[in-house]
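> Below are the sequence and a predicted model for it; my questions follow.
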Amino acid sequence: MVTRGAGNEPSSDHAVAGAVSGFVTRLICQPIDVIKIRFQLQVEPISHEHASKYRSILQATRTIINEEGVFALWKGHVPAQLLSIVYGMAQFYSYNKIMKSSRSFVTPDHWQNSAHFVAGAMAGCIATIVSFPFDTVRTRLVAQAHHQPVYKGFISVYSSILKAESPRGFYRGLSPTLIQIAPHTGLQFVFYSLLTDFYRSFSEESSTTVPNSLIAGSAAGLLSKTAVYPFDLARKRLQIQGFEHGRTGFGKFFSCRGLMDCLVKTARDEGLRALFKGLLPSQLKAAATTALHFTFYEQALVLIQHLRV
């Protein structure tokens, strides 16, 4: 299986395949991400029983389209694409480099899952640090009120953050992201490896196929995202600190001072269930994006190798 870093392909192939995978996956799944972010940033309950702005996935979709137009579902798409391309490139490049380096000291089969977890966790952290400014910019664009926009585009966000908040503003929420991304990405690669092996043994296929990647990837994404979700919510809430003026019309503004303060305040003021606000669209997104991410990566790598021959 190519994602295990067991092949002798040039490392640049994995970087290019990761970039292609990130681009296509983001283009397809961006609307789910926009809704998920709106849910995460809303202090009021996500329920039809409350007079909240967003009360369900369908209602939120209709509200965004009616108020902001259908293209608002791709709001922040340019920085989101830059995020996905850079992240996919760095993640798969790093993962395969680390897996190849581990050959010298990871030989028994029962250590392979640990190797996948460690390599995935390290690759996720590297990719996150490299691409994080794009995530902050994307979040600000998605979070701002349509009737009173603070930013005109991603260049406007960059210049405003640099002037008003310093370069450190691009890395607000980095600590919960790294705490989340290490086990999340590690579990993704472990689950994907286990599930593709199971699928291949069950179907008696000798290679990783498109259905194999889609099924294993969606399950891996769903399981890993659910396990670390509260940290994802905290990351989004931390990324909008200092952005209260851009949240007019979205209800009460959530303010916090750091990771633990964010988690404690959310649970205390909104209930423990609030730590999982936006979980359903996040699960849908995780299942879809992980399935597509691995599938497009596998197929892009095969195509690159065929073109080289």
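That came in fine, so what should we check first?

> so what pLDDT did residue 122 get?
pLDDT recorded at residue 122 is 96.

> Okay, and it sits in which element?
Taking DSSP states H and E as the definition, residue 122 sits inside helix 112-143.

> Check which residues of that helix are buried.
112, 115-128, 130-143 (16 or more other CB atoms under 10 Å). From N, CA and C alone the C-beta is placed, and that goes for glycine too.

> Give me the next element, helix or strand, following it.
Counting by DSSP H and E, what follows helix 112-143 is helix 154-165.

> mind saving the C-alpha coords of that following helix as PDB?
The C-alpha coordinates for helix 154-165 follow below in PDB (Å, rounded to 0.1, in the frame of the first residue of the first chain):
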ATOM      1  CA  PHE A 154      -7.300  37.000   2.300                       C
ATOM      2  CA  ILE A 155      -4.700  39.700   1.500                       C
ATOM      3  CA  SER A 156      -6.800  42.100   3.700                       C
ATOM      4  CA  VAL A 157      -6.800  39.600   6.500                       C
ATOM      5  CA  TYR A 158      -3.000  39.100   6.400                       C
ATOM      6  CA  SER A 159      -2.300  42.800   6.400                       C
ATOM      7  CA  SER A 160      -4.800  43.600   9.200                       C
ATOM      8  CA  ILE A 161      -3.500  40.800  11.500                       C
ATOM      9  CA  LEU A 162       0.100  41.900  10.900                       C
ATOM     10  CA  LYS A 163      -0.800  45.500  11.700                       C
ATOM     11  CA  ALA A 164      -3.100  45.000  14.700                       C
ATOM     12  CA  GLU A 165      -2.000  41.700  16.200                       C
END
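
> Need the contact partners of that helix.
When contacts are defined by CB atoms under 8 Å, 6 or more residues apart in numbering, helix 154-165 is touched by residues 76, 78-79, 82, 133, 136-138, 140-141, 150-151, 169-170, 242.

> cool, stretch 228-236 as well?
37, 40-41, 139, 173, 176-177, 179-181, 183-184, 187, 225, 259, 262-263, 266, 275-279, 282.

> So residue 281 versus residue 54, what's the distance?
The gap separating residue 281 from residue 54 is 10 Å, by CB to CB, to the nearest Å.

> same thing with residue 113?
For residue 113, the distance to residue 54 equals 39 Å [CB to CB].

> rewinding a little: list the helices and strands the helix holding residue 122 packs on?
On a contact count with 3 or more CB pairs under 8 Å, 6 or more residues apart in numbering; DSSP states H and E, helix 112-143 meets helix 11-41, helix 77-102, helix 154-165, helix 174-203, helix 210-239.

> buried stuff in the third one?
Using 16+ other CB under 10 Å as the test for burial, helix 154-165 gives 154, 157, 158, 160, 161.

> what angle do that helix and helix 112-143 make?
Helix 154-165 runs at 90 degrees relative to helix 112-143, counting by axes from the mean of the first three to the mean of the last three CA atoms, to 10 degrees.

> Next, the angle from helix 154-165 to helix 77-102.
Using the same axes, to 10 degrees: helix 154-165 against helix 77-102 is 80 degrees.

> Kindly report the same for the first one.
Angular relation of helix 11-41 and helix 77-102 on a 0 to 180 degree scale: 130 degrees, by the same axes, to 10 degrees.

> Return the closest of the contacts of helix 154-165 with respect to residue 14.
Nearest to residue 14 among the contacts of helix 154-165 is residue 82, at 19.2 Å by CB to CB.

> what's the burial count for that closest one?
The local packing of residue 82 (other CB atoms under 10 Å) involves 20 other residues.

> residues contacting it?
Shown in contact with residue 82 (CB under 8 Å, 6+ apart): 131, 134, 154.

> So what's the residue count around residue 64?
If you count neighbours by other CB under 10 Å, residue 64 ends up with 20.

> mind showing which ranges of the stretch 51-200 of the chain have poor pLDDT?
In the predicted model of the stretch 51-200 of the chain, residues 105-111 satisfy pLDDT under 70.

> can you do 50?
Of all residues in the stretch 51-200 of the chain, none has pLDDT under 50.

> Save the helices and strands packed on helix 112-143 as JSON lines, and put in distance to residue 66 too.
Shown next, in JSON lines, are the helices and strands packed on helix 112-143 (distance: least, CB to CB, whole Å):
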{"stretch": "helix 11-41", "distance to residue 66": "14"}
{"stretch": "helix 77-102", "distance to residue 66": "20"}
{"stretch": "helix 154-165", "distance to residue 66": "25"}
{"stretch": "helix 174-203", "distance to residue 66": "32"}
{"stretch": "helix 210-239", "distance to residue 66": "24"}
